[in-house]
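1. Need coordinates for the following:
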Amino acid sequence: MKILERILTDSDINEIIEILRRVNFEENFNYLNPFISKHTFNELILRESFFNYTIFVYGEFIDEKLSKIAYYQLPDVATLSKSATLYLLGCENTSTPINMFLYNSILNLTKVFPDISKIKINIKSNMPNLKSLLKLMNDIGFKKEIELKEEFDDADLLIYSYFIN
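-> Okay, the predicted model is just below:
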C-alpha cells in the first residue's frame with residue numbers, strides 16, 4: 001500500500017469531485033460546513049477558487065486514489081482577517097489516522113500561508129457524528145470559542161478554533 005499526502009491543485013479537480021460524491025458527511029469523522037452544500041463543489045467553482053487563491057486543499061492518496069481531503073476557505077485578501085475556515089473534511093479510508101492527516105493539513109496550510117493565525121470550524125450541534133467530530137477536534141487542539149444558541153431552526157452553532165503559535 002502506497003500512501004502519499006500532498007497539497008491539491010486545480011489539476012486534481014476531478015479527484016476532488018469524485019471523493020465528494022463518495023463520502024457520507026454524516027458518519028465517522030467526515031465534516032461539511034453547515035452553511036454550504038456538497039453540491040457547491042463543482043468544477044467551475046473549484047477552478048475559480050484555486051485560480052483566485054481563496055482555498056487550500058490537502059489530500060491523502062492511497063495507491064494513487066484520493067482517500068482523505070481537507071478543504072479550507074482562506075481569508076479574503078480585502079480584509080484584515082488572519083483566520084482560515086475548515087469547510088470540509090472527508091475520509092473514505094481509515095487505515096491511516098485521521099488526526100495526523102488533519103494536523104498535517106494544518107501544518108502545510110501554515111507553511112504556504114504563514115500569516116494564518118487561526119483555523120475555525122463551524123459545527124451544527126445536532127450533527128449525527130457530533131461526538132466523533134468533537135473528539136477529533138479536541139485531540140488536535142481545537143478549542144471551543146463560542147456557542148450561538150438557535151442559530152439554525154433545529155440546532156445551535158458551535159465554533160471551534162485552532163490557534164497557530
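
2. Do you have the strands of the protein handy? List them.
-> With DSSP state E as the definition, the chain shows strands at residue ranges 3-8, 31-32, 55-62, 65-73, 83-91, 118-124, 143-148, 157-163.

3. now the ones you listed as JSON lines including mean pLDDT and mean neighbour count?
-> (C-beta placed from N, C-alpha, C; glycine too.) Formatted as JSON lines, the entries for the strands of the chain read as follows, by pLDDT from 0 to 100; neighbours: other C-beta atoms under 10 Å:
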{"stretch": "strand 3-8", "mean pLDDT": "96", "mean neighbour count": "14"}
{"stretch": "strand 31-32", "mean pLDDT": "94", "mean neighbour count": "24"}
{"stretch": "strand 55-62", "mean pLDDT": "96", "mean neighbour count": "21"}
{"stretch": "strand 65-73", "mean pLDDT": "96", "mean neighbour count": "22"}
{"stretch": "strand 83-91", "mean pLDDT": "95", "mean neighbour count": "22"}
{"stretch": "strand 118-124", "mean pLDDT": "97", "mean neighbour count": "19"}
{"stretch": "strand 143-148", "mean pLDDT": "96", "mean neighbour count": "12"}
{"stretch": "strand 157-163", "mean pLDDT": "97", "mean neighbour count": "18"}
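
4. Of all the ones you listed, which one is nearest Lys111?
-> Of all the strands of the chain, the one in closest proximity to Lys111, counting by C-beta to C-beta, is strand 3-8 (9.4 Å).

5. What angle do strand 55-62 and that closest one make with each other?
-> Per axes from the mean of the first three to the mean of the last three C-alpha atoms, to 10 degrees, the angle that strand 3-8 makes with strand 55-62 is 160 degrees.
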